[in-house]
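Undergrad: Output the structure for:
(one chain, ligands or ions: 1)
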Amino acid sequence: MTNVYTTDEIARHDNATDLWIVIHGVVYDVTAFHKEHPGGEEVLLQLAGQDATECFENVGHSPEAINRREIYKIGVLTNAASTDKSETTSTEIKEPTEDEWQYQEPKTEMQSWSAHFIGAVVVIYAVIIFYWYNKL
Ligand code: HEM
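TA: Prediction:
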């Protein structure tokens, strides 16, 4: 069964000899890894015992880094701690799916098919105007 941790519990693992971080609600023990982290040990030390999701995503880690992350997974963050402060005794927390762990590109307002459609209309108009001018 997956281990479930509270933010308070995770916060206790905040140093070089005991270093946990949270990414997308998943808890990683990177004690053994932080010294060999290609991005430097400092960044991981600064976020020790905390949620490192934003930093992890901002860097735009490679798929290799995302896969490597799995080696250090030790459990998940309890929903009670991440969403609200209410007490819960349930340990049956849904494990995030592979999709939830992957970095998702922010959804743009305009879907790509409509962008292509508008692009095509602009091109058609440009061709019509071009021929129209050449006929004059
Ligand atoms: C278990 C967690 C992590 C793993 C396994 C990991 C792994 C890696 C790997 C393999 C790279 C080399 C580049 C790449 O393949 O993308 C890298 C680079 C880097 N990482 Fe991480 N990383 C983790 C967490 C973090 C966090 C939480 C931060 C932010 C605080 C961070 C910041 C960076 C930076 C700044 C680089 C350098 C990027 C560059 O040079 O372009 N990493 N990491």
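Undergrad: could you pull out the helices for this protein?
TA: For the chain, applying DSSP state H gives helices covering 7-11, 41-46, 53-59, 63-69, 79-83, 98-101, 112-135.
Undergrad: okay, those in CSV with distance to the ligand next?
TA: For glycine as for every other residue, the C-beta is placed from the backbone atoms N, C-alpha and C. CSV is the format used below for the helices of the chain (distance: least, CB to the nearest ligand atom, whole Å):
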stretch, distance to the ligand
helix 7-11, 13
helix 41-46, 4
helix 53-59, 3
helix 63-69, 4
helix 79-83, 17
helix 98-101, 11
helix 112-135, 26
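Undergrad: worst average pLDDT in those helices?
TA: The minimum mean pLDDT among the helices of the chain belongs to helix 79-83 (a mean of 51).
Undergrad: As a markdown table, the helices of the chain with mean neighbour count would be great.
TA: Compiled in a markdown table, the helices of the chain are given as follows (neighbours: other CB atoms under 10 Å):
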| stretch | mean neighbour count |
| --- | --- |
| helix 7-11 | 15 |
| helix 41-46 | 15 |
| helix 53-59 | 14 |
| helix 63-69 | 13 |
| helix 79-83 | 15 |
| helix 98-101 | 11 |
| helix 112-135 | 10 |
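Undergrad: what's the closest of the ones you listed to residue 21?
TA: helix 41-46 (6.5 Å; CB to CB).
Undergrad: ok, the residue nearest to residue 72 when sequence neighbours are not counted to the ligand distance?
TA: For residue 72, ignoring the flanking residues on the chain, the nearest one in space by CB to CB, 6 or more residues apart in numbering is residue 28 at 4.2 Å. Per CB to the nearest ligand atom, to the nearest Å, residue 28 is found 5 Å from the ligand.
Undergrad: Surely residue 28 and residue 13 touch.
TA: No: using CB atoms under 8 Å as the test, residue 28 is too far from residue 13 to be in contact (10.2 Å).
Undergrad: Please name the nearest non-neighbouring residue to the residue of the chain found nearest the ligand.
TA: The nearest approach of the chain to the ligand comes at residue 39, 2.3 Å away (CB to the nearest ligand atom). Using CB to CB, 6+ apart and skipping the chain neighbours, the partner closest in space to residue 39 is residue 59 (6.5 Å).
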